[in-house]
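> Can you look at this prediction? I've put the sequence above it.
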Amino acid sequence: MSGTIIKHVPLNLITNIFVFLLNIIVNILMTPFYITHLGVDGLGIVRLALLLPMYISLATIVVSGAIGRFLTLNIQEKRYVAAKEFFNTSLFGIGAIILIISPIMIVFTLNITTFLSIPPKYYMQASSLFLGVFFASQISVLSALFLVPAYANNRLDIQNYIKIITIFIQTALIVALFLWISSNISYIGYSYIAASLIGLFFSMIVWKEFAPFLKIHISFFKLSRLKEVLTMGSWLLINQLGSILFLSIDLLIINYFFGAEATGDYSIV
């Protein structure tokens, strides 16, 4: 590991800790804010909305996670042709997955009350919330791909700066829209989309700065590279699914059996 890479370790650690603490603080402050403006049942819907896209997005998360390893190795070893192939294969692969699962998510959100316990007053708003959070999560997956060159150069601090920006933007937008317009849970979905688009914009700037050689072109899409990514991704899928089920299945069970208000009460604990 070169001295240039080593010198960024302290800053990476500090920014990692800052992002961790910022997420905790925002969650602590936004919980009473949501209860005040939406009620406990509204909080329960918000918690579910932030949870479900993780299940729907497993395929894209796994592909992006696997590609990080291959792309980082090839960038560090200056195998730029292979790096272009992995980058474009993952980019077009993730795009294809998003196109496939998006109609499924749209149908799901339009029929959200069939699958989840939603108070009548939130029927229409809940669909927009879930759809907004879903698309925001897909945009974030693309952002993560464009940030791999920074990761390959051990510039995790840059990734964290973008995370900090998106957290501040989405939180500020939610608070502003709730206070100045109305307490509509759809605004949470819109805020997440806006913040994720800004994060994608900054991620693409980082991509151009650290890896200008990574050009986007369909000719670099290779099925052989896709096979390597999927082989690696299958193990990540098992691990990711297990983690999500362990950490979040309780909210889904509570919502199914006891309703939105009980979900909100439980999520506060």
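Here it is on my side, so go on. Nothing here was measured: the structure is a model prediction, and the numbers come from that model.
> remind me, longest helix of this protein?
Ranked by residue count and defined by DSSP state H, the top helix of the chain is helix 9-56.
> Point out the other helices and strands that that one packs with.
If you count contacts as 3 or more Cβ pairs under 8 Å, 6 or more residues apart in numbering; DSSP states H and E, helix 9-56 packs onto helix 80-110, helix 123-146, helix 156-180, helix 186-210, helix 223-258, helix 260-268. In short, each C-beta sits where N, CA and C put it, glycine included.
> any idea of the mean pLDDT for the shortest one?
Going back to what we said before, that points to helix 260-268. Regarding helix 260-268, the rounded mean pLDDT is 67.
> Repeat that for the second one.
For helix 123-146, the mean per-residue pLDDT is 87.
> could we number from 8 for the rest of this?
All set: I'll call the first residue 8, so the last point we hit is now helix 130-153.
> Contact partners for the nearest residue to A202 once chain neighbours are set aside?
Sequence neighbours aside, Q177 is the residue nearest to A202 in space, at 3.6 Å (criterion: Cβ to Cβ, 6 or more residues apart in numbering). Going by Cβ atoms under 8 Å, 6 or more residues apart in numbering, Q177 touches 198-199, 201-203.
> and with 10 Å instead?
Contacts for Q177 were tallied using Cβ atoms under 10 Å, 6 or more residues apart in numbering; they are 33, 143, 195, 197-203, 205-206.
> From those, list the buried ones, please.
Neighbour-count burial within those applies to 143, 195, 197-203, 205-206; the criterion is 16 or more other Cβ atoms under 10 Å.
> still on that earlier bit, reformat the helices and strands packed on helix 16-63 into JSON lines and put distance to N23 next to each item.
Conversion of the helices and strands packed on helix 16-63 to JSON lines gives the following (distance: least, Cβ to Cβ, whole Å):
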{"stretch": "helix 87-117", "distance to N23": "24"}
{"stretch": "helix 130-153", "distance to N23": "15"}
{"stretch": "helix 163-187", "distance to N23": "6"}
{"stretch": "helix 193-217", "distance to N23": "17"}
{"stretch": "helix 230-265", "distance to N23": "19"}
{"stretch": "helix 267-275", "distance to N23": "25"}
